[in-house]
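# my questions are about this predicted structure, shown below with the sequence.
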Amino acid sequence: MSNHLVSVDNLVVEYTTDRYTVRPLDGFTMHAPPGELVALLGPSGSGKTTLLSILSGMIPANSGSVTVDNIDVLALKGNQLEQYRRKTIGIVFQGFNLIPSLTARENVAAPLLMAGIKRKVALARADELLEEVDLADRAGHKPMHLSGGQQQRVAVARGLVGDPMVLLADEPTANLDHISAESVVELLRALRDRGRTIVISTHDDRLLPAVDQVVAMHPDHPTPDVVLEPFAMTPGEILFRQSATSDYVYAILEGTVEIVREYADGTSAVIAIRETGSFVGELGPMLDFPRSATVRARGTVKLMPLTVAQFKDGHFGPQP
Amino acid sequence: MLLLILRDLQFRRWRVGLTVVLMAIVMTLLFIMTGLVQQFNIEPALATERAGGDLNWVVSQGTGGPFTSPRPIDAPLFDGVPGEPVLVAPSSVDGVRVSLVGRGYRPDGEPRLTVGRHPGGPGEVVIDETMGLVVGDDLTIAGLPGTVVGLTNDATILAGVPLTFVTLDFAQETALGGQELVLAKLTDQTPALPPELKLMTPEMIAADALLPLDGAIASVALVRALLWLITVIIIAAIIYITALERTRDFAVLKAVGGKTRDLGASLLIQGLLMTLIAVLIAGVLQSFLAPVFPLKVRVPANAWLVIGGGAAVAAVAAGAAGVMRVRSTSPAEAFG
């Protein structure tokens, strides 16, 4: 038995989009004990929402393990999954995702109604939770008549309706003004104080002082500042592979390289050719993105590695 | 679950209302077309009954049927054949085409009267109510004066041509210029007949009278099939569009523990509810619209079952596509 309520170990998730494979989570690990507010921090595409989807049992993983309240989430199927989503976790979606045809009260009660709980009981529970999120007076209003902050509080109340130990919230302060955002953070902290583990995804680092643990979904990869000497490559030699961490920009001093896109089905295609006097691999290190393609020497090639600073300044030794 | 269904219908009430009205209009036409086909099919049997009750008709070999190709022959040729002479001939009343029936009448016999009495002498006429005449009205039959003495109903042939009952003598005078020809003898027996005569049962006569309407019946049946197609398309489209529109809702409800089966069922129930309401509205609408038609629209009782049931089956079948959509909706879509 782990004393962590949420445990994720060596998680690998990859999916295919537009024929090539993306791996938003690659050996990801995190742990959260009961009563902790955890922030998954990272830019778009860093795997925050993918991780929340995994934790809520909505998408499969390629490998690794995910345990929530001692339940092996990746092994759940069918009814077990529905039970898990109903009782073990609560979810707050980005953009609230309230059902527009239902009142605030009915939105909160919806998971219970779907579970076959009697309407009277479900609505009474909804009233209790709306009271808790300070929205009792808006219970009869439809989402379109609630402010963004109020909608988010209703969404939080809905996430709590099954009295879960773990609440997952995707960008809970996105699209909210600072007053509404503050009240939502205050609410999440209050729920944390009552013993729940709350995992939120955010790209807003202003929230960080308010949380107990920050999980960086996209650890910084400082670009190297060591200046290297020019070097030569033999025909067919790989300069760097698709998805590898980006480091240097390369100036082609002599020869030709081909840029190759590798696809999920194992095939590959040359998408561009770069010749003497041009650069290759310049965007990856500047944006801190992984390499988007493989680069291979066509013949004998002479290259000069450049740091991002050198590339930006344009002050480097032999000009290509 | 019912709350979620009703709230969604309420939320989209304008679109739901418009769809229901559209379905109801198409179904009203379906009711009307069904009533017309029913009338076409039943009209010859009723007319045959009004003209000759359940008696057999002895006619000349050259007669295809009394209402389609009458061939009157000299009365003496029927000598020895038991029964009552009758003449059926095309004619006109006040310029309207009619089918003239001349015979003798018993007070309790055919044609059954809705008002008045049977013809007893020259110029006395019993006519179908669809002519819009009343007892005592004067009229002109093929140029001769006459008076309405009684009215009957369900006495039309060939899609609405009214039967007009007169005495045999008056029929011979108006249709044949006084020649003593008869078309048939009505008999309750099955007599041995000379080669130039033949016996037709009421069923044979009705079947013969239906033949000229084959094209019309087939055309109406085709229109009816097209209306069914439109009904199915409307139902299918609305259920599928609803499923598409609610993809995010379904994803959210699945994400919070909703079962695919329940969500799919809610979609089907919505479709069935809308269909049921449309059928009820169509049933009421057709009762107002049917009397406006020049032909009698005889909607059979089972039309409710056929149209209601058919539409329900269409809703379920069409809903299956929507349910597939619900099934394929991943709860992960709720994360956006």
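Yes, it's here.

# right, and chain A sits closest to which residue of the stretch 201-336 of chain B?
In the stretch 201-336 of chain B, no residue comes nearer to chain A than B:G257, which is 3.3 Å away by CB to the nearest CB. C-betas here are computed from N, CA, C, even on glycine.

# that residue sits in which helix or strand?
Here B:G257 sits in a region with no helix or strand, counting by DSSP states H and E.

# which parts of stretch A:47-65 are buried?
Neighbour counts over stretch A:47-65 (16 or more other CB atoms under 10 Å in any protein chain shown) mark A:47-59, A:61, A:64 as buried.

# for it, output the C-alpha coordinates as CSV.
The C-alpha coordinates for stretch A:47-65 follow below in CSV (Å, rounded to 0.1, in the frame of the first residue of the first chain):
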residue,chain,number,x,y,z
GLY,A,47,1.0,16.6,-21.8
LYS,A,48,-1.0,18.2,-19.0
THR,A,49,-4.4,17.3,-20.4
THR,A,50,-3.1,13.9,-21.6
LEU,A,51,-2.1,13.2,-18.0
LEU,A,52,-5.5,14.3,-16.6
SER,A,53,-7.2,12.1,-19.3
ILE,A,54,-5.0,9.1,-18.1
LEU,A,55,-5.8,9.8,-14.5
SER,A,56,-9.5,9.8,-15.2
GLY,A,57,-9.3,6.6,-17.2
MET,A,58,-10.3,8.1,-20.5
ILE,A,59,-7.4,7.2,-22.7
PRO,A,60,-5.0,4.2,-22.5
ALA,A,61,-1.3,4.5,-21.9
ASN,A,62,1.5,2.7,-23.8
SER,A,63,3.4,1.7,-20.6
GLY,A,64,3.9,2.6,-17.0
SER,A,65,1.6,2.5,-14.0
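
# where does that stretch sit relative to the chain's centre, distance-wise?
Offset of stretch A:47-65 from its chain centre (CA atoms, centre = their mean, to the nearest Å): 10 Å.

# is there a neighbour count for the closest residue to the residue of the stretch 201-336 of chain B closest to chain A other than its chain neighbours? I'd like the number.
Nearest non-adjacent residue to B:G257, counting by CB to CB, 6 or more residues apart in numbering or on different chains: A:R86, 3.3 Å away. Counted with other CB atoms under 10 Å in any protein chain shown, the neighbours of A:R86 add up to 19.

# now A:R86: which helix or strand?
Short version, using DSSP H and E: A:R86 is in helix A:78-87.

# residues in contact with that helix?
A:56-57, A:68, A:71, A:73, A:76, A:91, A:111, A:115, A:162-164, B:255-259, B:331 (CB atoms under 8 Å, 6 or more residues apart in numbering or on different chains).

# which bits of the stretch 1-150 of chain B sit near chain A?
Applying CB under 8 Å from any CB of the partner chain, we find that the stretch 1-150 of chain B lies next to chain A at B:M1, B:L3, B:L4, B:R7, B:D8, B:Q10, B:F11, B:R12.

# now with 10 Å, please.
B:M1, B:L2, B:L3, B:L4, B:I5, B:L6, B:R7, B:D8, B:L9, B:Q10, B:F11, B:R12 (CB under 10 Å from any CB of the partner chain).

# out of these, which comes closest to B:G319?
B:I5 (12.8 Å; CB to CB).

# for the closest one, which non-adjacent residue is spatially closest?
Spatial nearest neighbour of B:I5, chain neighbours left out: B:S266 (5.1 Å); criterion: CB to CB, 6+ apart.

# what about the one you found, distance to B:S99?
Taking CB to CB, to the nearest Å as the measure, B:S266 falls 57 Å from B:S99.

# that older thread, okay, the residue of the stretch 201-336 of chain B closest to chain A: pLDDT?
pLDDT, B:G257: 81.

# how about A:S2?
60.

# go on, the one 5 residues further on?
According to the per-residue confidence, A:S7 scores 95 in pLDDT.

# so it bridges to which residues?
Beta-bridge pairing of A:S7 under DSSP bridges involves A:H31, A:T67.

# got a pLDDT number for residue 316?
Answering for chain A, as no chain was given. 62.

# not quite, go with chain B.
Confidence score, pLDDT, at B:V316: 85.

# go on, A:V214?
Reported pLDDT for A:V214: 94.

# shouldn't it be in contact with A:L41?
Yes - with contacts counted by CB atoms under 10 Å, A:V214 reaches A:L41, the gap being 5.4 Å.

# which residues do the two both contact?
Taking CB atoms under 10 Å, 6 or more residues apart in numbering or on different chains as the criterion, A:V214 and A:L41 both touch A:T202, A:D205, A:L207, A:L208.

# show me which of the contacts of helix A:78-87 are buried.
A:56-57, A:68, A:71, A:73, A:76, A:91, A:111, A:115, A:162, A:164, B:255-259, B:331.

# just give me the neighbour total for B:R106.
Neighbours around B:R106, by other CB under 10 Å: 9.

# please read the previous query as pertaining to B:P107.
7.

# likewise for the one 10 residues further on?
Counted by other CB under 10 Å, the residues lying close to B:R117 total 13.

# need the contact list for it.
Taking CB under 10 Å, 6+ apart as the test, what B:R117 contacts is B:Y105, B:P107, B:E124, B:V126, B:V135, B:V149, B:G150.

# and those residues, which is the shakiest by pLDDT?
B:P107 (86).

# leaving out chain neighbours, which residue sits closest to residue 47?
You didn't pick a chain, so chain A it is. The nearest residue in space to A:G47 (CB to CB, 6+ apart) is A:P24, at 3.5 Å.

# was after chain B, sorry
With CB to CB, 6+ apart, the residue lying closest to B:A47 is B:I157, at 4.3 Å.

# could you tell me the phi and psi values at that neighbour?
Main-chain dihedrals, B:I157, degrees, to the nearest 10: phi -140, psi 160.

# my guess is it meets B:P70, correct?
No - using CB under 10 Å, B:I157 is not in contact with B:P70; the gap is 11.6 Å.

# which residues are common contacts for the two?
With CB under 10 Å, 6+ apart, B:I157 and B:P70 have common neighbours B:V88, B:S99.

# more neighbours: the two, which one.
The residue with more neighbours, out of B:I157 and B:P70, is B:I157; 28 against 22, by other CB under 10 Å.

# and the two most separated of the residues of the stretch 1-150 of chain B next to chain A?
Of all pairs in those, the most separated under CB to CB is B:M1 and B:R12 at 17.3 Å.

# the two: which is more packed in?
The residue with more neighbours, out of B:M1 and B:R12, is B:R12; 19 against 15, by other CB under 10 Å.

# test my guess that that one contacts B:D249.
No - here B:R12 lies out of contact with B:D249, judged by CB under 10 Å, at a distance of 11.5 Å.

# list the residues that contact both of these two?
Joint contacts of B:R12 and B:D249 (CB under 10 Å, 6+ apart) are A:P100, A:S101.

# how near is A:R189 to A:D69?
From A:R189 to A:D69 the distance is 21 Å (CB to CB).

# neighbour-wise, which of those two wins?
Counted by other CB under 10 Å, A:R189 and A:D69 do not tie: A:D69 has more neighbours, with 18 against 14.

# distance check, the more buried one against chain B.
The spacing between A:D69 and chain B, counted by CB to the nearest CB, to the nearest Å, is 16 Å.

# contacting residues for that residue?
Applying CB under 10 Å, 6+ apart, one finds that A:D69 lies in contact with A:2, A:4-6, A:34, A:84, A:87-89, A:164-166, A:197.
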